[in-house]
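Peer 1: Requesting a structural model of the entry that follows:
(chains A, B and C)
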Amino acid sequence: MSSSYRNFRNSVSWLILFLEAVFIVLFYFLLSIRHTDDVLLINSYPAFQVVNHMVIFGFGFFLMFLKRYGFSSTGFNLLIIVLGVQCSVLIDSLILLQRQNEHHLERLIKAAMSMTAVVISTGAVLGKTNPVQLILMTVLELIVFHMSRWINITFLKVEHNISMMHVHLFGAYFGLAVSSRFSEPSPRSEKNASTPKSDLLSMLGTLFLWVFWPSFNSVLFESNSWRAICNTYFGLAVSAVTAFALSVLTTKDGKFRMTHIHSAVLAGGVAVGYAAHSIKYPWIAMILGLLASVITVLGSYCSQRCLNPPLKLHDTSGVHFTFGMPAVLGALAQVVLLIIENWTNLPSLGYLVMIQVGAFCLTISIALITGFIAGLILNLTVFKTIPVSKYFEDQFYWEFPHLAVGF
Amino acid sequence: MSSSYRNFRNSVSWLILFLEAVFIVLFYFLLSIRHTDDVLLINSYPAFQVVNHMVIFGFGFFLMFLKRYGFSSTGFNLLIIVLGVQCSVLIDSLILLQRQNEHHLERLIKAAMSMTAVVISTGAVLGKTNPVQLILMTVLELIVFHMSRWINITFLKVEHNISMMHVHLFGAYFGLAVSSRFSEPSPRSEKNASTPKSDLLSMLGTLFLWVFWPSFNSVLFESNSWRAICNTYFGLAVSAVTAFALSVLTTKDGKFRMTHIHSAVLAGGVAVGYAAHSIKYPWIAMILGLLASVITVLGSYCSQRCLNPPLKLHDTSGVHFTFGMPAVLGALAQVVLLIIENWTNLPSLGYLVMIQVGAFCLTISIALITGFIAGLILNLTVFKTIPVSKYFEDQFYWEFPHLAVGF
Amino acid sequence: MSSSYRNFRNSVSWLILFLEAVFIVLFYFLLSIRHTDDVLLINSYPAFQVVNHMVIFGFGFFLMFLKRYGFSSTGFNLLIIVLGVQCSVLIDSLILLQRQNEHHLERLIKAAMSMTAVVISTGAVLGKTNPVQLILMTVLELIVFHMSRWINITFLKVEHNISMMHVHLFGAYFGLAVSSRFSEPSPRSEKNASTPKSDLLSMLGTLFLWVFWPSFNSVLFESNSWRAICNTYFGLAVSAVTAFALSVLTTKDGKFRMTHIHSAVLAGGVAVGYAAHSIKYPWIAMILGLLASVITVLGSYCSQRCLNPPLKLHDTSGVHFTFGMPAVLGALAQVVLLIIENWTNLPSLGYLVMIQVGAFCLTISIALITGFIAGLILNLTVFKTIPVSKYFEDQFYWEFPHLAVGF
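Peer 2: Model (predicted):
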């Protein structure tokens, strides 16, 4: 065990306690719960529950596929979410001062949705970071994500709720850029693998995400939310079907591969996300879901062979092809749909397309650049990067009473 | 490994992709999401979520008790549900043309509820079918189930929502009839057993179903839905209590048996289903729950000894006594309650009873006959029935990376 | 195996069936579902679902950390909840006759909330009682808890919904008093331990409780329920953060300990419970959450070393520091907040404080005294207390088919 990290451990808790103290002081100055009418609650409380369930459970268990990293996957996921939601509420209060009449629950919903970006990013560096690095990454990413949304809203006049839909895109590419700064694990590492039990628990998380995704895509859209739900459901359904079909075609033995199912099943929801509320016919959402699933399975096939080795990228839970590429497809599809709908009105079309493309390019560039910088910062020696041999290992962070008995 | 099936594998994916393409084309011609007011959504979205949760999670994990069939239980369950829901929405649009003003979400709810029948049927042949057979069975069963509902509604003037309550009855007897055409596994097969871990995951699914059952029974009843909820809850509670008591009495050692708990706990919900919205006093629902649980535990005791061996039936997850017999009891109870309520008005009583009994007999006969035919079709050599020695085995369909490392 | 218990087993089922028969007869005389308007349902059904989920799943899996007690943890939890809810509805109808216009669903909600007390108490004696003792304890505790609430409401004029918030306090101290009458397990018992798998399942339950706690605290408060939700969420978030920090500081190696996370993560929700609807600023809830977490982790550290050995207490799942002490902190905080808010109006302040302190002292004394008496009753020889060597052992109560094959 690297003794340098061991001595470093107590600073973990002081860092956490210090951060929490800062948060409480800032809450004291920035937030007070004001009285508003309760009618609002009927709509916004279930929405909050849905997003909360998804990030806590869904992602907590989705990331649990590594055989020796179950405690950390679910435990650290909880830690960064509870820190991140507080941090996100504070950043929101600082930056978006113009929307002071917002209900507290709505802020919590947006904070929990922003956390999706962070959770996706952690998927790319899963098992390779220590808790201090994770916490730092969470805070950095949230600040940058809110800045990116603020630029989108203020300068490109993107709507509030649509700017939030960039969350998967931002999370995936930020995470990839960060992970490019971490050393690759040995390709023959036994620990970077799953067992049937861990795969089943990960399937539990995947199903959780799958079931709640229609709600996630509709949460921020007051009108047409039922359309977002139907479209997302059909998109998800077709991507699940396609995932099974393609998995058989791409594996050597003609068997299903659980990893394909885990990632491709969700791709449809990500791809439909951008346009869920405006797609008029379910068959469009279904074709999007099919394409997303194709991209994901083929992407996972290619990136492991052609893309990652030369770039020295190691993306533990495959966020690039699970969330990144489907989000790019979704953004593209949104532009195509915009062109088809508005082709009679060319001047306004040009403006609309420019904004969508601009917001997309801006978000992805900010994600890549700041992710790269964040990766550099996290690898400073002061943060005691864990050695490659200790990757994907719970015992480095958690007490195992049954082992203590065994010794 | 049977090489005939191995060569057959790629056709699995082409079949799936072909089906999906047909669905998308049919969706293009048959369905377009029209604008309706959003008020509807407030009631129907939670209802959709409940049914969706139940079929995806609840049944997915309920069927996970076999020790080497966890991946297939939950994976294939997802596959047939996403295919089946699309198929069901299409059949609904084709057959029930007269209700065109129905909201899309309501169609999805009904489609998901119809899937309960298919999922129950798959329980009877769990571990004995290959994916192609499962998909074919799904499509066949959905067509027949919708036909049976359509006959009930059109000729017997059964109400829409009540005709849906036949779903358990239909699913159980269709599944039984199908399974009668599959060879029995060796009674000494080690694979047809559970481990404590798989039993616990199955318990997770059972509890999921248990918790959502009151919602399931009340989803389609706009008025009196609270009554359906209370009655179902009390029915379920009493059947759970009785399950524990009878389990001790029927096992050799006086211990609890997990299988009894899994099935008898849900029996009350099935039995109360038919009359949930019309039972006036909770004690009636409680007595129904008690009887359902008695039938289930005694049924499981008898059918394993007396009924199944001569009939050469093998019902992997015991759907006959978990869903079939409690549904028969529920249909009977509904008739008895009808007689008690309307005994003063004999002519109308006769008519009402005739309709109920007619609908019941019709549904069960269609289920048995078409199930038998479906079983014959599925056993055609073209579908490469898997050999008995490969029953209940995940490795036949799924890649296991940890095993690949081990070799 | 103690043959005295084996002969006793069949009486388990007769006791259960007898109880159930009594319940059905009492339901016949006491309850009939009357017609009320359905508007009520929209608010109260989701509330019922939340509480139902929490007690069935959340606690069922929260208590699943013992390595050989998984079946009993989740199975007996279901058994006592279904019995207890019926029992609680009946006691409610007998005692609180003055509120006859209450909706049935509201009664079910309160019945399920009361069960929280019983489930917490069973946590203290987990693995040490046989089913008969558990059932008896459930009935006794529910009667006493309802009496205590009735005294609070009638004589101290505590509000209905606030009197329900004593549920954690009552449950924890009743359970502790009962457990003081059971022999301690050997400190070197291998069975009184968890494995990583059982810890993960327990984490699933903990996350379930964590996610639903804001709903639990807001269920009974019609106005200001959004405030209860926000306050509870922030309290829970800070207590989760603090749990991670303190866990590192108190363990020998500077690692995280899963048990700390399990218990401290929920402490904030318990502590905020009393005042959730009246706390005006989130930072107050956050400080409460922080203090609750500190008390829980330090309490678990001290009570294992200093408090429990001299008192000969053995508290299997640590309910004293998970639910007991945070509830005491919450009650204290409520009084302090009351003083700060009303210090200008001294006479009414004195009266208010007196009531709060009186209700607190009354509840905790009743819990301790009756718990002690219940412990004495449960240890009568007629109930065949299981020997210490059979503690924490599933095989004593459940059939294991895979073991039968092994023999």
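Peer 1: got any ranges where the stretch 1-150 of chain A has weak pLDDT?
Peer 2: The model of the stretch 1-150 of chain A has pLDDT under 70 over residues A:1-8, A:32-43, A:96-102.
Peer 1: how deep is the residue in the stretch 301-407 of chain A that chain C sits nearest to tucked in, by neighbour count?
Peer 2: The minimum distance from the stretch 301-407 of chain A to chain C, using Cβ to the nearest Cβ, falls at A:Glu399 (4.7 Å). Where you see a C-beta, it was placed from the backbone N, CA and C, and this is true even at glycine. For A:Glu399, the neighbour count with other Cβ atoms under 10 Å in any protein chain shown is 20.
Peer 1: list the contacts for it?
Peer 2: Residues near A:Glu399 by Cβ atoms under 8 Å, 6 or more residues apart in numbering or on different chains: C:251, C:253, C:255-258.
Peer 1: With A:Lys110 instead?
Peer 2: Going by Cβ under 8 Å, 6+ apart, the list of residues near A:Lys110 reads A:88, A:92, A:164.
Peer 1: ok, it to B:Leu31 distance?
Peer 2: Separation of A:Lys110 from B:Leu31 (Cβ to Cβ, to the nearest Å): 33 Å.
Peer 1: Which of the three states applies to the most centrally placed residue in chain A?
Peer 2: Taking Cα atoms, centre = their mean, the centroid of chain A lies closest to A:Ile120, which sits 2.7 Å from it. Following DSSP: H, G, I helix; E, B strand; the rest coil, A:Ile120 is assigned to helix.
Peer 1: elements contacting whichever helix in chain A runs longest?
Peer 2: Identified as the longest helix of chain A according to DSSP state H is helix A:346-378. Helix A:346-378 makes packing contacts with helix A:131-154, helix A:167-179, helix A:325-342 when contacts are defined by 3 or more Cβ pairs under 8 Å, 6 or more residues apart in numbering or on different chains; DSSP states H and E.
Peer 1: Now these in TSV, please, with extra columns for mean neighbour count and distance to chain B.
Peer 2: Shown next, in TSV, are those (neighbours: other Cβ atoms under 10 Å in any protein chain shown; distance: least, Cβ to the nearest Cβ, whole Å):
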stretch	mean neighbour count	distance to chain B
helix A:131-154	21	25
helix A:167-179	28	21
helix A:325-342	20	14
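Peer 1: In CSV: these, plus distance to chain C.
Peer 2: Formatted as CSV, these follow (distance: least, Cβ to the nearest Cβ, whole Å):
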stretch, distance to chain C
helix A:131-154, 8
helix A:167-179, 20
helix A:325-342, 26
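Peer 1: With respect to C:Val336, which of the ones you listed lies nearest?
Peer 2: Proximity to C:Val336 (Cβ to Cβ) singles out helix A:131-154 among those, at 31.8 Å.
Peer 1: helices and strands around that closest one, which ones?
Peer 2: helix A:3-30, helix A:70-95, helix A:104-124, helix A:160-164, helix A:167-179, helix A:346-378.
Peer 1: hang on, the earlier thing: mind checking how far the residue nearest to the centre of chain A is from C:Pro310?
Peer 2: Distance from A:Ile120 to C:Pro310, by Cβ to Cβ: 51 Å.
Peer 1: For chain B, state which of the contacts of A:Lys110 is nearest.
Peer 2: A:Met164 (19.9 Å).
Peer 1: and the closest one, what is it in contact with?
Peer 2: Per Cβ under 8 Å, 6+ apart, neighbours of A:Met164: A:110, A:113-114, A:149, A:220.
Peer 1: next one: phi and psi at the spatially closest residue to A:Lys67 that is not a sequence neighbour?
Peer 2: The shortest distance from A:Lys67 to any non-neighbouring residue, by Cβ to Cβ, 6 or more residues apart in numbering or on different chains, is to A:Thr195 (4.6 Å). Backbone torsions of A:Thr195, given as degrees, to the nearest 10, read phi -110, psi 160.
Peer 1: do you know how far A:Thr195 is from chain C?
Peer 2: Distance from A:Thr195 to chain C, counting by Cβ to the nearest Cβ, to the nearest Å: 11 Å.
Peer 1: How about the secondary structure of A:Gly254?
Peer 2: coil.
Peer 1: Measure how buried it is and give me the count.
Peer 2: 20.
Peer 1: Can you verify my assumption that it contacts A:Val248?
Peer 2: Yes: using Cβ atoms under 8 Å, A:Gly254 is in contact with A:Val248, at 5.5 Å.
Peer 1: show me where pLDDT drops low in the stretch 251-400 of chain A?
Peer 2: For the stretch 251-400 of chain A (pLDDT under 70), the answer is none.
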